[in-house]
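> Return a 3D structure for these sequence lines:
(one chain, ligands or ions: 3)
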Amino acid sequence: MPDKNITELTIRRPDDWHLHLRDGAMLQAVLPETTRHFARAIIMPNLVPPVVTAQQAQAYRERIMAAVPDGAVFTPLMTLYLTEDTDPADVAQAHADGIATAVKLYPAGATTNSASGVTDFDKVRAVLEKMADIGMPLCVHGEVTNSDIDIFDREAVFIDKVLKPLRKKVPDLKIVMEHVTTQDAVDYVRDTSKNLAATITTHHLIINRNDILAGGIKPHYYCLPVAKREAHRVALVEAAISGDKRFFLGTDSAPHTDPAKLQPCGCAGIFTAPNTMSCLAEVFEAAGKLKKLEAFASLNGPQFYGLPPNDATITLLKGDPVSYPDSIPTADGPVTVFDPAFDLHWRVAD
Ligand SMILES: NC(=O)N[C@@H](CC(=O)O)C(=O)O
Ligand SMILES: [Zn+2]
Ligand SMILES: [Zn+2]
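Ligands and ions are numbered 1, 2, ... in the order given. Predicted coordinates:
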């Protein structure tokens, strides 16, 4: 494979189009792990309480900026958490003022801190129409929550039962299907010519459901949407390495402390911020598609969001295996770093 001869790769500085930074002590601890390599990130609003209004987003952005390490250059792109009470005028104003880049839709109960999400989609129709008018994207956690739908089917059912009808009603709305995990989602995005894109996480390119469950349960591989069978992982890799502009990186790096993960009802979320670029280089190299990494991590995202790519670059270097800490300390306890279970030979040059 020709990529085996490549030992150095310079790409535009990447962005993370789906990131959880949390707040307080956790924010302080995890933010440097992202600003080290990434120039911008779409910041998820699922704090407790959630970031719903323009005012809350502005205050959260200020807390993030105050935590950016000295010397780092980082732009948080804020999102508003969509509730059934969200005011279309507040959303439009936040967009016009440059406070919010996108709105985030969580079906109520779908994932971590989603209790304030949407149950009745007709109740948010006015907001979605306003967003379509002003060209503001909607980021979607695409899973139904019905207890009678198998957890491994929830993304595919969401596409049929929620996304397709929604796109018929508001066809001009720009939608990002976040953290897609299935061939179904990849196919749906590929079959759609306009206003639809998908983010893919680092971990979903690497793990399948066996990695979570076979040979003992691995809480640190548990996230939502849960990883699916191997054929789906392969479909995600094919989408990511294809260069298709509709697929781009959203790590969904979602830190939880070990005590919160390692319990009878552990939290969903995988922390990939520290080693994402090393992991991705390994995945793209194995596929013989290192040259497509820049499109996935640095070009396709800004293009969909209507932003310029970053001028700065990073250089990835291949060598002896690099090591990352098993966990990073926070005031609330350690946060385990994603273990890809293979050696990482690529590092980002200082
Ligand atoms: N992905 C996850 O498993 N967890 C995320 C929420 C989300 O993105 O669904 C979190 O906030 O912890
Ligand atoms: Zn989600
Ligand atoms: Zn997420």
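> got a list of what A240 touches?
For A240, the contact set (C-beta atoms under 8 Å, 6 or more residues apart in numbering) comprises 200, 205, 247, 249, 283-284, 292, 296. Yep, even glycine has a C-beta here, placed from its N, CA and C like the rest.
> how about low-confidence regions in this protein?
Scanning the chain for pLDDT under 70 picks out 1.
> residue boundaries of the strands in it?
Taking DSSP state E as the test, the strands found in the chain are 8-12, 16-19, 40-43, 75-81, 102-105, 138-140, 175-177, 196-200, 247-249, 313-318, 327-328, 335-336, 346-348.
> of all these, which lies closest to ligand 1?
Smallest distance to ligand 1 across these (C-beta to the nearest ligand atom): 7.1 Å, for strand 16-19.
> Flag every residue of this structure that's near ligand 1.
The chain comes close to ligand 1 at residues 20, 46, 111-113, 141, 223-224, 252, 254, 268-269, as judged by C-beta under 6 Å from any ligand atom.
> Intersect those residues with the contacts of ligand 2.
Among these, the ones lying near ligand 2 by C-beta under 5 Å from the ion are 111, 141.
> can I get the residues of the chain next to ligand 1 in CSV with neighbour count?
Shown next, in CSV, are the residues of the chain next to ligand 1 (neighbours: other C-beta atoms under 10 Å):
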residue, neighbour count
H20, 24
N46, 22
T111, 21
T112, 19
N113, 18
H141, 25
C223, 26
L224, 22
D252, 28
A254, 28
A268, 16
G269, 21
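> now the strands of the chain in CSV, with mean neighbour count and distance to ligand 2?
Converted to CSV, the strands of the chain look like this (neighbours: other C-beta atoms under 10 Å; distance: least, C-beta to the ion, whole Å):
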stretch, mean neighbour count, distance to ligand 2
strand 8-12, 16, 26
strand 16-19, 27, 8
strand 40-43, 25, 12
strand 75-81, 23, 12
strand 102-105, 25, 9
strand 138-140, 24, 9
strand 175-177, 27, 10
strand 196-200, 25, 10
strand 247-249, 28, 15
strand 313-318, 17, 26
strand 327-328, 17, 22
strand 335-336, 24, 18
strand 346-348, 20, 26
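> In this structure E285 contacts L344, no?
No. With contact defined as C-beta atoms under 8 Å, E285 does not reach L344; the gap is 10.7 Å.
> Closest to ligand 2 out of the residues of the chain next to ligand 1?
H141 (3.6 Å; C-beta to the ion).
> Who are the contact partners of that closest one?
Listed by C-beta under 8 Å, 6+ apart, the contact set of H141 reads 104-107, 110-111, 114, 117, 178-179, 224.
> just K104 next, same as before
When contacts are counted by C-beta under 8 Å, 6+ apart, K104 touches 44-46, 79-82, 138-141.
> Could you do L213 as well?
Applying C-beta under 8 Å, 6+ apart to L213 gives no contacts.
> how does it look with 10 Å?
L213 sits next to 221-222, 226-227 when contact means C-beta atoms under 10 Å, 6 or more residues apart in numbering.
> gap between it and K161?
L213 sits at a distance of 27 Å from K161 (criterion: C-beta to C-beta, to the nearest Å).
> What of L77?
29 Å.
> that older thread, so what sits against both of E285 and L344?
Common contacts of E285 and L344 (C-beta under 10 Å, 6+ apart): K318.
> Of the two, which one has the most company?
E285 (20 against 17; other C-beta atoms under 10 Å).
> give me every residue that touches the more buried one.
Going by C-beta under 10 Å, 6+ apart, E285 touches 1, 3-4, 6, 9, 293, 316, 318, 345-346.
> how much space is there between the nearest residue to P225 once chain neighbours are set aside and H141?
Counting by C-beta to C-beta, 6 or more residues apart in numbering, P225 lies nearest to T181, which is 4.5 Å off, once chain neighbours are set aside. According to C-beta to C-beta, T181 and H141 sit 11 Å apart.
> anything in contact with each of these two?
Common neighbours of T181 and H141 (criterion: C-beta under 10 Å, 6+ apart): 155, 224-225.
> Quick check: of those, which lies closest to D87?
Nearest to D87 among the shared contacts of T181 and H141 is L224, at 28.1 Å by C-beta to C-beta.
> Might one say that that closest one is in contact with I212?
No. Using C-beta atoms under 10 Å, L224 makes no contact with I212, being 11.8 Å away.
> got the residues of the stretch 1-150 of the chain near ligand 2?
Residues of the stretch 1-150 of the chain lying near ligand 2 (C-beta under 5 Å from the ion): 111, 141.
> Going along the chain, name the helices of the stretch 1-150 of the chain.
Assigned by DSSP state H, counting those that start in this stretch, the stretch 1-150 of the chain shows helices spanning 24-35, 54-67, 88-96, 125-134.
> Mean neighbour count for those helices - can I get that in CSV?
Shown next, in CSV, are the helices of the stretch 1-150 of the chain (neighbours: other C-beta under 10 Å):
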stretch, mean neighbour count
helix 24-35, 19
helix 54-67, 16
helix 88-96, 17
helix 125-134, 18
